[in-house]
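J.: heads up, no residue letters with this:
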Ligand SMILES: [Zn+2]
């Protein structure tokens, strides 16, 4: 009888022990699941954080214009995106040719620029791919010969490859210049690049978005545009796009990344 009770007690003990182990196991499982869930929440929060705090994407959704990468006024032409001859419909404004869709905006922009400094004038606008090729090759010849006014201003000849590398710092190869769009203009107080007074350029840059233009190659923009600072090259993108890009300090390449196709 005593042995039986002992056995029973032993059995009972084992059952309770088993239940205790089982409950502990369940408890640990619940703890583990909770921990995983809270880590998941943390990860979601932290991955959202940079987008929210990044100055460039601030208010991105609230004031981003309803534009598309495929809009005619946002066409991208650069060394990574060369284009065949685009042959836009052209109109003449103050001695240069532009896409007729921007003629009115350019007349107003030029007028406003001349109110800032009367010597502001248009130097160049539409250039066909064929003409750009002529221009580029002419610069290459000049560099190869070591001519005055070139970067290789030594009188000593250099190779075509070296010459082309020199030219690429101030002129785009045919097909890679956005002058072929008819939407880009060079405007300055003087006929030389980066020689206009800085305060005049700053004022011009400030008013440009009111007419749909942006300074296309700003200082510090080379990492996205691939082109060094140019104080005279303005590009028409439309008023809403230009204002957004100016407000958020974006180049065309950076702005296009925010837009749907
Ligand atoms: Zn230009």
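T.: Nice, I can see it. Computed from a predicted structure; not experimentally measured. Numbers count the residues shown, from 1 in each chain.
J.: what about residue 80, neighbour count?
T.: 9 (other Cβ atoms under 10 Å). C-beta coordinates here come from the backbone N, C-alpha and C atoms, glycine included.
J.: my error: substitute residue 157 in the last question.
T.: Other residues close to residue 157 by other Cβ under 10 Å number 12.
J.: phi, psi for it please.
T.: Backbone torsions of residue 157, given as degrees, to the nearest 10, read phi -70, psi 150.
J.: give me the pLDDT for it.
T.: pLDDT recorded at residue 157 is 95.
J.: can you show me the strands along this structure?
T.: Assigned by DSSP state E, the chain shows strands spanning 90-93, 96-99, 121-124, 184-188, 213-215, 233-236.
J.: I'd like those as CSV, with mean neighbour count appended.
T.: As requested, the strands of the chain are exported to CSV (neighbours: other Cβ atoms under 10 Å):
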stretch, mean neighbour count
strand 90-93, 16
strand 96-99, 22
strand 121-124, 18
strand 184-188, 24
strand 213-215, 26
strand 233-236, 26
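J.: OK, contacts around whatever residue of the chain ends up closest to the ion?
T.: Relative to the ion, the nearest point of the chain is residue 233 (3.6 Å; Cβ to the ion). Residue 233 sits next to 184, 185, 186, 215, 216, 217 when contact means Cβ atoms under 8 Å, 6 or more residues apart in numbering.
J.: kindly report the same for residue 189.
T.: Going by Cβ under 8 Å, 6+ apart, residue 189 touches 117, 119, 120, 121, 196, 197, 200.
J.: repeat that for residue 63.
T.: Residue 63 is in contact with 244, 247, counting by Cβ under 8 Å, 6+ apart.
J.: before we move on, what about residue 186?
T.: 122, 123, 124, 125, 230, 232, 233, 234.
J.: returning to that earlier point: and the residue lying closest to the residue of the chain closest to the ion once chain neighbours are set aside, how many neighbours?
T.: With sequence-adjacent residues excluded and distances taken as Cβ to Cβ, 6 or more residues apart in numbering, residue 233 is closest to residue 216, at 5.0 Å. Counted with other Cβ under 10 Å, the neighbours of residue 216 add up to 22.
J.: kindly report the same for residue 228.
T.: Neighbourhood size, residue 228 [other Cβ under 10 Å]: 13.
J.: that one reaches residue 172, doesn't it?
T.: No. The criterion here is Cβ atoms under 8 Å, and residue 228 misses it with residue 172 at 11.5 Å.
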